[in-house]
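Enquirer: Quick one, structure for this:
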Amino acid sequence: MCIPLHINLTKPKQNKFESMYLICTDLDDCYNKIIVSVKNLILLTIDYPDDYEEFKNIIWYNGLSFDNDIFDYSIFSEDKWIKPWSHQEIYEQVCIIIHNLDLQNSIYNKRNTYDYTSESDSENEK
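Expert: Below is the predicted model:
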């Protein structure tokens, strides 16, 4: 089964939009592709608010008044274009992924181990 997916991504710092047209195998595949696309768009090193609207207004558009969403999507299913998930639902999943990536990065960062000493620390002790 081939399901067309259209995603628009807003990039306010570059003052442009990006449109993607993808073919998905099922609705779960569409959902995953939307989440990955949005995650790649907003991957920032900040504390994310829990609310999508708060993130959009305060962080993404930096307090400026815009009536655009960060992303928008449409899935062609059963002879009509649908949007089965809210922006908030997708945003929450993106935040979970980003949080998990941050945890993984901290685990694999040598500086976060108990017995870590940097080369500069070792040289200062001499």
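
Enquirer: which stretches of this structure aren't confidently modelled?
Expert: 13-14, 43-46, 63-67, 105-126 (pLDDT under 70).

Enquirer: Which positions within the helix or strand where residue 89 lies qualify as buried?
Expert: Per DSSP states H and E: residue 89 is located in helix 87-107. Across helix 87-107, burial judged by 16 or more other CB atoms under 10 Å covers 87, 90-91, 93-95, 98. No exception for glycine: its C-beta is placed from N, CA and C like everyone else's.

Enquirer: Please render those as JSON lines that adds distance to residue 74 to the earlier fields.
Expert: Formatted as JSON lines, these follow (distance: CB to CB, whole Å):
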{"residue": "87", "distance to residue 74": "13"}
{"residue": "90", "distance to residue 74": "13"}
{"residue": "91", "distance to residue 74": "17"}
{"residue": "93", "distance to residue 74": "18"}
{"residue": "94", "distance to residue 74": "18"}
{"residue": "95", "distance to residue 74": "23"}
{"residue": "98", "distance to residue 74": "24"}
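
Enquirer: Looking at those, spot the one nearest residue 40.
Expert: residue 94 (9.5 Å; CB to CB).

Enquirer: my guess is that closest one contacts residue 35, does it?
Expert: Yes. In this structure residue 94 lies within contact range of residue 35 using CB atoms under 8 Å: 5.8 Å.

Enquirer: quick one on the thing from earlier: tell me which strands and helices the helix holding residue 89 is in contact with?
Expert: Under the contact criterion of 3 or more CB pairs under 8 Å, 6 or more residues apart in numbering; DSSP states H and E, helix 87-107 touches helix 27-42, helix 52-54.
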